[in-house]
Structures are given as C-alpha cells and as structure tokens.
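Student: Would you be able to build a 3D model of this:
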Amino acid sequence: MAYLGLSPAVQTTAMAYQDLTGGTGTSFTLDHPVGNAAEIEVFVNNVRQEPTVAYTVSGTSLSMTGSIVATDDFYVNFQGKALVTSTGGGGGGTFKGENGEINAGGGDIFRVHQQQLDTDTTIDADENALAAGPLTIATGVTLTVTSGGNLVIA
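Tutor: Predicted coordinates:
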C-alpha cells in the first residue's frame with residue numbers, strides 16, 4: 001500500500017499500571033497525567049469504578065467521590081499508555097467535523113488539542129512539527145527542537 005508522507009513505523013507500549021493500595025482519603029496523585037476520566041480504569045477491591053461518577057481526574061490529580069481506606073485493593077490502569085503509535089505522528093487531541101467529535105474519520109476537518117504542553121518533548125533533527133497557537137509550556141517542562149528539526153506554531 002502506498003503512503004503519502006512517512007510510512008508508519010508501528011510500535012506498541014506496555015499497559016501502564018499504578019498500585020495505590022495503602023493510601024487513604026479521596027485525593028491521590030497519578031504517575032501519568034490524563035486528559036479525562038475515561039482515559040483510566042480505576043478499581044477498588046477489584047470492582048471497576050464508573051468514570052466521572054466514582055472519580056474525576058485533572059492532570060495527575062485523582063479525586064474519588066468515596067473515601068478509600070488503607071486495606072482497600074486500589075489500583076489504576078492507564079488506557080492511553082498502551083496505544084499503537086506511528087513514528088512522526090500522533091499526539092493528544094481529537095478531530096471534529098461532520099461526524100461529531102471523534103478520534104479519526106472522514107469528514108472531520110478540525111484537529112482540537114490542548115493549549116499547554118505538560119510533558120517534556122523533543123522534536124528530532126529529522127522531524128517537522130506543527131501546533132496551533134497560542135502554545136504555553138508548563139513550568140518545569142522542556143520543549144527541545146534539535147538542530148535540523150522544525151517546529152511551526154500557526
């Protein structure tokens with residue numbers, strides 16, 4: 001099959017998991033930032049909790065609606081950490097258009113993404129990157145554009 005642009009180099013990553021057993025209360029810190037409650041699966045005593053009903057998330061902050069006790073078996077599976085990706089593409093965000101808000105599909109002409117970079121990122125010498133501005137870089141986060149790499153903020 002012919003490709004327009006770079007041919008994808010398929011890679012997979014391991015499912016990310018965080019054990020929070022032993023913690024107490026309603027507020028917890030996640031190992032990885034997430035964009036919304038549906039990007040993680042939260043389990044208490046091996047029972048999956050309902051996103052936005054039993055818990056909410058904001059970045060790395062997990063807030064439970066009920067209190068967790070130290071003896072609860074409490075853990076999180078990060079759904080977004082086990083995606084198939086292709087070299088030179090990807091990133092967070094969604095597409096919007098004729099099909100509503102979805103992750104891909106014909107008729108979707110608008111790419112919608114975050115306005116703030118929250119993860120250290122490097123644009124390599126053999127890469128071109130494009131972001132819609134304005135773009136803010138979070139405190140403590142580094143954006144590196146290697147010599148030969150290109151970043152355009154439109």
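
Student: Not counting its own residues, what contacts stretch 41-55?
Tutor: Stretch 41-55 is contacted from outside by 36-38, 40, 62-66, 68, 72-77, 79, using CB atoms under 8 Å, 6 or more residues apart in numbering. Using the backbone N, CA and C atoms, a C-beta is placed for each residue, glycine as well.

Student: and with 7 Å instead?
Tutor: Stretch 41-55 has contacts (CB atoms under 7 Å, 6 or more residues apart in numbering) with 37-38, 62-66, 68, 72-77, 79.

Student: Which members of the residues you listed are positioned in strands?
Tutor: When DSSP state E defines the strands, the subset of the contacts of stretch 41-55 inside them is 62-66, 68, 74-77.

Student: From the residues you listed, pick the one nearest Gln116.
Tutor: The shortest gap between Gln116 and any of these belongs to Leu62, at 19.5 Å (CB to CB).

Student: Return the distance of the closest one relative to Thr136.
Tutor: As judged by CB to CB, to the nearest Å, Leu62 and Thr136 stand 24 Å apart.

Student: For the host helix or strand of Tyr17, buried residues please.
Tutor: Per DSSP states H and E: Tyr17 is located in strand 16-19. Of all the residues in strand 16-19, those buried under the rule 16 or more other CB atoms under 10 Å are 16, 18.

Student: buried residues in the helix or strand following it?
Tutor: Moving toward the C-terminus from strand 16-19, the first helix or strand encountered (DSSP H and E) is strand 25-34. With burial defined by 16+ other CB under 10 Å, the residues of strand 25-34 counted as buried are 28, 30, 33-34.

Student: Show the buried residues in the contacts of stretch 41-55.
Tutor: Among the contacts of stretch 41-55, the ones that count as buried (16+ other CB under 10 Å) are 37, 62, 64, 68, 72, 74, 76.

Student: that older thread, between which two of the buried residues of strand 25-34 is the distance greatest?
Tutor: Pairwise distances across the buried residues of strand 25-34 (CB to CB) peak at 13.4 Å, for the pair Phe28 and Pro33.

Student: where does the chain have its least confident helix or strand?
Tutor: Taking mean pLDDT, DSSP states H and E as the measure, the helices and strands of the chain show their lowest mean at strand 85-86, namely a mean of 39.

Student: So for the residue nearest to the spatial centre of the chain, what pLDDT did the model give?
Tutor: With distances taken as CA atoms, centre = their mean, Val34 lies nearest the centre of the chain, 5.0 Å away. If you check Val34, the pLDDT there is 81.

Student: Sweet, I'm off.
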